[in-house]
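Participant: pasting the sequence and the predicted coordinates here, then a few questions.
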Amino acid sequence: MTKPKNLLPFDGEVYLFPALFTKEESSKLYDLLAESIQWKQEPIVIFGKQIMQPRLTAWYGDEQKPYSYSGITMHPHPWSKELLEIKHRIESVANHIFTSALLNFYRNGYDSMGWHKDNEKELGINPVIGSVSFGSDRTFCFKHAKEKTPTQKATLNSGSFLLMKGATQHHWLHSIPKEPKITEGRINLTFRTII
Ligand SMILES: O=C(O)CCC(=O)C(=O)O
Ligand SMILES: [Fe+2]
């Protein structure tokens with residue numbers, strides 16, 4: 001597979017592979033994951049206040065290592081056959097082995113993810129994050145830590161794979177903004193490596 005160009009102008013590396021999974025595979029995987037994953041709506045602490053996350057999540061992984069994420073601690077479920085197949089597919093593209101995955105289910109355009117960096121210390125100095133999407137298209141936004149507004153955007157379509165690596169998590173924040181016109185769901189799997 002030819003290497004796509006870096007979506008970031010400096011201070012990091014982000015590559016989008018728009019069709020790692022075919023449309024047919026993607027719609028099958030969307031239905032299967034929507035049904036079989038142990039989705040939960042978890043609380044999150046923002047500025048000392050506990051609110052519910054605006055999406056469903058689940059944590060899958062290699063070991064029984066707990067993982068802290070925005071003030072909550074997640075215990076992984078063991079990999080399913082399909083999750084392992086997805087993991088192997090992206091590992092050959094990323095040339096990197098992942099140990100864990102955070103799964104996000106955006107039920108419609110009102111579900112979202114706020115600005116953040118994936119820079120938890122368990123992920124090491126320069127985290128490699130492999131992000132797979134199935135279902136409706138959503139916009140992924142990037143903002144440099146020194147900027148007030150997003151400067152880079154990408155559409156994450158069904159079957160796409162987004163790879164973030166290098167210094168990205170030191171300098172850039174990312175988010176999935178609300179898009180109220182979207183009525184269909186999207187499932188995202190962000191594969192990570194816990195050291
Ligand atoms: O849904 C997405 O594409 C983003 C997910 C994300 O940033 C995360 O899980 O850390
Ligand atoms: Fe993230």
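Facilitator: Sure, I can see it. Numbers count the residues shown, from 1 in each chain. Ligands and ions are numbered 1, 2, ... in the order given.
Participant: now I44, what's its secondary structure?
Facilitator: In three-state terms, and counting by DSSP: H, G, I helix; E, B strand; the rest coil, I44 is strand.
Participant: ok now do the residue nearest to P76 when sequence neighbours are not counted, which residues does it touch?
Facilitator: The shortest distance from P76 to any non-neighbouring residue, by CB to CB, 6 or more residues apart in numbering, is to G61 (3.4 Å). (Glycine included, C-beta is placed from N, CA and C.) Taking CB atoms under 8 Å, 6 or more residues apart in numbering as the contact definition, G61 lies against 67, 76-77, 79, 99-101, 194.
Participant: and H88, what helix or strand is that in?
Facilitator: Element membership for H88, per DSSP states H and E: helix 81-94.
Participant: so after that helix, what's the next helix or strand?
Facilitator: Beyond helix 81-94 on the C-terminal side, the first helix or strand identified by DSSP H and E is strand 100-106.
Participant: right, is that following strand up against ligand 1?
Facilitator: Yes. Residues of strand 100-106 are located near ligand 1 by CB under 6 Å from any ligand atom, namely 102, 104.
Participant: now that strand - C-alpha only, CSV.
Facilitator: Output of strand 100-106 as CSV, limited to C-alpha atoms (Å, rounded to 0.1, in the frame of the first residue of the first chain):
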residue,chain,number,x,y,z
SER,A,100,-5.4,-2.5,23.6
ALA,A,101,-8.3,-0.7,22.0
LEU,A,102,-10.8,1.9,23.1
LEU,A,103,-14.1,1.5,21.2
ASN,A,104,-16.4,4.5,20.7
PHE,A,105,-20.0,4.3,19.6
TYR,A,106,-21.4,7.6,18.4
